[in-house]
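Participant: Sequence and predicted structure below; questions after.
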Amino acid sequence: MSSPQHLAAHSLPRHALTRLAQDWLAEDTPGLDPAGVCVGSAEVEARLLCKSPGTVLAGSPFFTAVFTQVGCTVDWIHRDGDRIGPDAITLTAVVRGPARCLLLGERPALNCLARASGIATRCARLRAAAKAAGWHGEVAGTRKTTPGFRLVEKYAMLVGGASTHRYDLSGMVMLKDNHIWASGSISEAVSAARSVCGFSSKIEVECGSAEEGREAAGAGADVVMLDNLQPQELHAAARTLKDQFPALLIEASGGVTPENLALYFSPHVDVVSLGCITQGCPVADFSLKIQKSGGDSKLLISNQTCKQ
């Protein structure tokens with residue numbers, strides 16, 4: 001049976017993949033492609049190689065969409081959600097098509113795959129840490145995404161086993177400090193937001209103390225984010241709020257890193273969100289190598305790695 005990580009690709013709208021692929025290609029080749037003259041349109045085959053053992057593959061639908069736009073085909077050996085390795089170099093897919101077209105798609109496709117796989121790998125490691133600690137809650141991303149690249153990054157979180165949190169401003173109401181200050185109070189902000197979103201959206205309020213959390217919950221908030229609290233203070237505030245509002249969801253955020261994540265785990269904390277899932281996340285190392293016709297590749301790949 002397929003895992004949720006393997007099924008994540010079914011959530012991607014085809015029209016969105018096409019639009020993104022077209023935008024990336026137009027950005028990278030807005031005019032002539034002089035280098036295309038050097039290689040022509042002869043049919044070639046290229047190997048996609050992963051050179052970061054332990055990578056969780058993510059982004060294959062975007063990679064394929066780019067090459068579809070330039071008239072190439074992609075045959076995948078691994079699928080999103082697979083952990084690649086342990087070999088130093090692992091054959092991951094084979095791309096076929098006209099040489100100049102394949103090279104047009106190479107960099108946009110690799111950029112997307114490297115970024116998405118890096119995020120998925122970090123998310124998988126964070127989820128593994130939560131599981132090892134026996135924590136019941138969810139590790140979540142944030143809206144701190146790269147402009148124009150949000151769909152890729154949110155999708156990569158899903159593949160890595162993390163929660164995407166809200167996708168955009170329409171996905172859930174989050175009232176932050178600026179909303180509160182501009183509204184006058186937490187209660188006023190929650191009341192105004194509820195009048196628009198109705199029953200169909202949760203309301204989350206960023207709070208800096210248990211007192212603020214109590215006001216938010218009392219006004220009808222569904223989620224309280226305890227922001228930038230030290231772990232000891234966070235756990236005390238979360239317990240106080242859960243005792244009074246058992247159905248309230250508690251999120252911890254602010255200053256959380258992969259290194260200190262475990263300090264935020266608590267029976268009273270339901271979600272821990274980290275901006276570093278998308279900001280400063282290492283990318284995975286992929287390369288695409290066209291095979292020489294009539295000769296062996298210079299790259300030595302083990303039989304086990306190349307098995308399809």
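Facilitator: Noted; the coordinates are in hand.

Participant: tell me the mean pLDDT for stretch 129-137?
Facilitator: Stretch 129-137 carries an average pLDDT of 96.

Participant: let me redo that: stretch 287-296
Facilitator: Per-residue pLDDT over stretch 287-296 has a mean of 79.

Participant: And for stretch 5-12?
Facilitator: The average pLDDT within stretch 5-12 is 88.

Participant: Which element, helix or strand, includes the residue lying closest to Ser287 once chain neighbours are set aside?
Facilitator: Once flanking residues are discounted, Ser287 sits nearest to Leu49: 5.2 Å by CB to CB, 6 or more residues apart in numbering. Every C-beta, even on glycine, is put in place using the N, C-alpha and C of the backbone. In this assignment (DSSP states H and E), Leu49 forms part of strand 43-50.

Participant: what helices or strands is that strand leaning on?
Facilitator: Strand 43-50 is packed against strand 90-98, helix 99-132, strand 286-290, with contacts defined by 3 or more CB pairs under 8 Å, 6 or more residues apart in numbering; DSSP states H and E.

Participant: could the ones you listed go into TSV alongside mean neighbour count and distance to Leu17?
Facilitator: Formatted as TSV, the helices and strands packed on strand 43-50 follow (neighbours: other CB atoms under 10 Å; distance: least, CB to CB, whole Å):
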stretch	mean neighbour count	distance to Leu17
strand 90-98	21	16
helix 99-132	22	10
strand 286-290	18	19
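
Participant: Tell me which of these approaches Gly59 most closely.
Facilitator: Smallest distance to Gly59 across the helices and strands packed on strand 43-50 (CB to CB): 3.1 Å, for helix 99-132.

Participant: moving C-terminal of that closest one, what's the next helix or strand?
Facilitator: Sequence-wise, the next helix or strand downstream of helix 99-132 (DSSP H and E) is strand 138-140.

Participant: And what about Ser293, helix, strand or coil?
Facilitator: With DSSP: H, G, I helix; E, B strand; the rest coil as the basis, the three-state label of Ser293 is coil.

Participant: Just give me the neighbour total for the residue nearest to it when sequence neighbours are not counted.
Facilitator: Leaving aside its chain neighbours, Ser293 sits nearest to Val44 (7.7 Å; criterion: CB to CB, 6+ apart). Using other CB atoms under 10 Å, Val44 has 21 other residues around it.

Participant: can you give me the strands for this protein?
Facilitator: Along the chain, the segments classed as strands by DSSP state E run 43-50, 73-76, 90-98, 138-140, 173-175, 203-207, 223-227, 249-253, 271-273, 286-290.

Participant: what about the closest residue to Leu110 other than its chain neighbours, distance to Phe62?
Facilitator: The spatial neighbour of Leu110 that comes closest, neighbours along the chain excluded (CB to CB, 6+ apart), is Phe286 at 5.5 Å. To Phe62, Phe286 is 13 Å away according to CB to CB, to the nearest Å.

Participant: which neighbours do those two share?
Facilitator: Common contacts of Phe286 and Phe62, defined by CB atoms under 8 Å, 6 or more residues apart in numbering, comprise Leu113.

Participant: Outline the domain layout of this structure.
Facilitator: Listed by automatic domain parsing, the domain ranges of the chain are 4-121+282-306, 126-277.

Participant: wait, the residue nearest to Ser287 sits on Ala284?
Facilitator: No. Contact criterion CB atoms under 8 Å: Leu49 and Ala284 do not qualify, at 11.2 Å.

Participant: and these two? which has more neighbours close in?
Facilitator: Taking neighbours as other CB under 10 Å, Leu49 and Ala284 compare with Ala284 leading, 24 against 20.

Participant: How about that one: what's its closest non-neighbour residue?
Facilitator: Closest to Ala284 by CB to CB, 6+ apart is Ser117, at 3.8 Å.

Participant: can you tell me which residues contact that neighbour?
Facilitator: For Ser117, the contact set (CB under 8 Å, 6+ apart) comprises 50, 52, 55-59, 156, 283-284, 286.

Participant: Test my guess that Glu251 contacts Ser266.
Facilitator: No. With contacts counted by CB under 8 Å, Glu251 stays clear of Ser266, the gap being 11.7 Å.

Participant: The two - which one has more neighbours?
Facilitator: Higher neighbour count among Glu251 and Ser266: Glu251, with 23 against 20, using other CB under 10 Å.

Participant: Now do the more buried one against Thr278, distance only.
Facilitator: The spacing between Glu251 and Thr278, counted by CB to CB, is 17 Å.

Participant: And for Cys38?
Facilitator: Where Thr278 is concerned, Cys38 sits at a distance of 37 Å (CB to CB).
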